[in-house]
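Asks: Prediction below, plus the sequence it came from.
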Number of protein chains: 2
Amino acid sequence: MRKGVGKVYVVHMRTEYKEPTRYHHGNLRQALLAAARRLLEEEGHSNLSLRRCADAVGVSATAPQNHFPNKTALLTALAAEGYAELEAYMRKGIDGTSDRDARRNAALLGYVAFAQDHPALYELMFARDRVASNDPELLHHVRACFAILAENSKGFGRFDGDDEKVAARQQMFLWSLVHGYAQLLTANRFKKESMLGESILDILPDLRS
Amino acid sequence: MRKGVGKVYVVHMRTEYKEPTRYHHGNLRQALLAAARRLLEEEGHSNLSLRRCADAVGVSATAPQNHFPNKTALLTALAAEGYAELEAYMRKGIDGTSDRDARRNAALLGYVAFAQDHPALYELMFARDRVASNDPELLHHVRACFAILAENSKGFGRFDGDDEKVAARQQMFLWSLVHGYAQLLTANRFKKESMLGESILDILPDLRS
DNA sequence: AGTGCATATTTACACTGCACATATAGGCGC
DNA sequence: GCGCCTATATGTGCAGTGTAAATATGCACT
């Protein structure tokens, strides 16, 4: 039995809208993810707790346990969502472009744009100790992102090895570069005076043979 | 007055050695940092707490407050220590080498080696929400690391712009690449079959003009 | 109407960071 | 030698956290 249903309205405004209190939320999993994301992006990782998510949605402190076995599971789902969006950012720039170099550049720009728009989420996506990096759903989205980069890393730069090796090295090169750039950029580790009007394309050297 | 000094020896073995109990530790700050580092690297970030550090050293739960105003301050000091070591890793490979390309390669290899030897610490060093990234001591060590990369990024690759721009872009390129590679490597994001016998030098394309 | 099961609540517990009051002892002037 | 100041430690308390376990609710299905 809920203690004082009306009371919650008196204590403070609900942050998220919720149908006039009923026992079963109906869409709690999604609502929790949305609340978690808002908390993460607006209040920072250290202010994101399961209890605050539950509060924001208007359910009891332990209700999230029915949808996520532990906090890591929630964060993992959030990270997976992030990779899906990262993929969309890259695709948006690629679609409608046919030139090979232009497609690769568009993917890189989309990648960096995502990291800049969602720095906290991007950091979470690479935090080994907060997400279950072998979660199947997460891995699915990770691979989809890598596949886009892989597709668009063909035929540039001079690398050693047979065709297979060269392809692998092109991919690793491109992902390393764009990930490092995105993270250093959002972590403010680049000198300000270096950053005037720069984009990732400016730090990509001329790789023509 | 300490409640049952002998008791702690009965409950469990102390992890760190400590002089037969005396009120003032004498070197608590250093001891706490060492304990924190051991906890971080051996038990993972989520098992690192101020109280566990205090326990490991054999002082009361709130003793750390005299040396670190809050947990972030301790983690920041730990991260600064990490940057100092990263610098040492790079210097070790560089010293004694005079060839310019060889020095740059040595710096890169040292950088990656550090990340592989201390993945948890390396992650902490770039965790925006856990360290005070504007701490003066931290910044000092960060800049020392960047300076090494900067020194050894001269005169390679074809970049646009005047001399100053080119230098900035060479540095950003190199740091992005090595940081991204180090992080993706330690986060296990590269396909296993791509990694056979690879080093960062293999994914660095031929940049000769 | 009754029943089963997914989904919620309540209660409980160990642990955390931190604020605050208090205790200790080593060093310094005398 | 002596007393006091201050850095460094302890003790206590509190709000907040993740999670386990028992209990309540109500929708779907018969």
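Replies: Alright, I've got the coordinates.
Asks: mind checking how far A:Ala144 is from B:His45?
Replies: Distance, A:Ala144 to B:His45, using C-beta to C-beta, to the nearest Å: 28 Å. (C-beta placed from N, C-alpha, C; glycine too.)
Asks: With neighbour numbers in mind, choose between those two.
Replies: For the pair A:Ala144 and B:His45, the greater number of neighbours falls to B:His45 (19 against 15), based on other C-beta atoms under 10 Å in any protein chain shown.
Asks: give me the number of residues near the residue lying closest to that one once chain neighbours are set aside?
Replies: Leaving aside its chain neighbours, B:His45 sits nearest to A:Asp129 (4.5 Å; criterion: C-beta to C-beta, 6 or more residues apart in numbering or on different chains). Residues lying near A:Asp129 (other C-beta under 10 Å) number 17.
Asks: which strands and helices sit next to the host helix or strand of A:Ala31?
Replies: In the assignment (DSSP states H and E), A:Ala31 maps to helix A:28-43. Other helices and strands packing on helix A:28-43, by 3 or more C-beta pairs under 8 Å, 6 or more residues apart in numbering or on different chains; DSSP states H and E, are helix A:50-57, helix A:71-94, helix A:119-125.
Asks: Just name the most buried of these.
Replies: helix A:119-125 (a mean of 22; mean count of other C-beta atoms under 10 Å in any protein chain shown).
Asks: send the alpha carbons of that one over as PDB?
Replies: Listed in PDB are the C-alpha atoms of helix A:119-125, where the atom choice follows Å, rounded to 0.1, in the frame of the first residue of the first chain:
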ATOM      1  CA  PRO A 119      29.800  14.500 -24.000                       C
ATOM      2  CA  ALA A 120      28.600  12.800 -20.800                       C
ATOM      3  CA  LEU A 121      26.900  10.100 -22.800                       C
ATOM      4  CA  TYR A 122      29.900   9.700 -25.000                       C
ATOM      5  CA  GLU A 123      32.200   9.300 -22.000                       C
ATOM      6  CA  LEU A 124      29.800   6.600 -20.500                       C
ATOM      7  CA  MET A 125      30.000   4.700 -23.800                       C
END
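Asks: Could you pull up the mean pLDDT of that helix?
Replies: Across helix A:119-125, pLDDT averages out at 97.
Asks: Stretch A:94-114 too?
Replies: Confidence for stretch A:94-114, expressed as mean pLDDT, is 95.
Asks: quick one: is that stretch near chain B?
Replies: No. Looking at stretch A:94-114 against chain B by C-beta under 8 Å from any C-beta of the partner chain, there are no contacts, and the closest approach is 10.4 Å.
Asks: Buried residues, that stretch. List them.
Replies: Burial within stretch A:94-114, assessed by neighbour count using 16 or more other C-beta atoms under 10 Å in any protein chain shown, is assigned to A:94, A:103-114.
Asks: Checking A:Glu198 next. Helix, strand or coil?
Replies: Secondary structure, DSSP: H, G, I helix; E, B strand; the rest coil: A:Glu198 is coil.
Asks: which residues touch it?
Replies: B:169, B:172 (C-beta atoms under 8 Å, 6 or more residues apart in numbering or on different chains).
Asks: contacting residues for the residue nearest to B:His45?
Replies: B:44-46, B:120, B:123.
Asks: next one: A:Phe146
Replies: With C-beta under 8 Å, 6+ apart, A:Phe146 has these contacts: A:171, A:175, B:189.
Asks: now do A:Ala54
Replies: When contacts are taken as C-beta under 8 Å, 6+ apart, A:Ala54 is in contact with A:32, A:60-64.
Asks: Can you tell me which residue is spatially central in chain A?
Replies: Taking C-alpha atoms, centre = their mean, the centroid of chain A lies closest to A:Gly82, which sits 2.7 Å from it.
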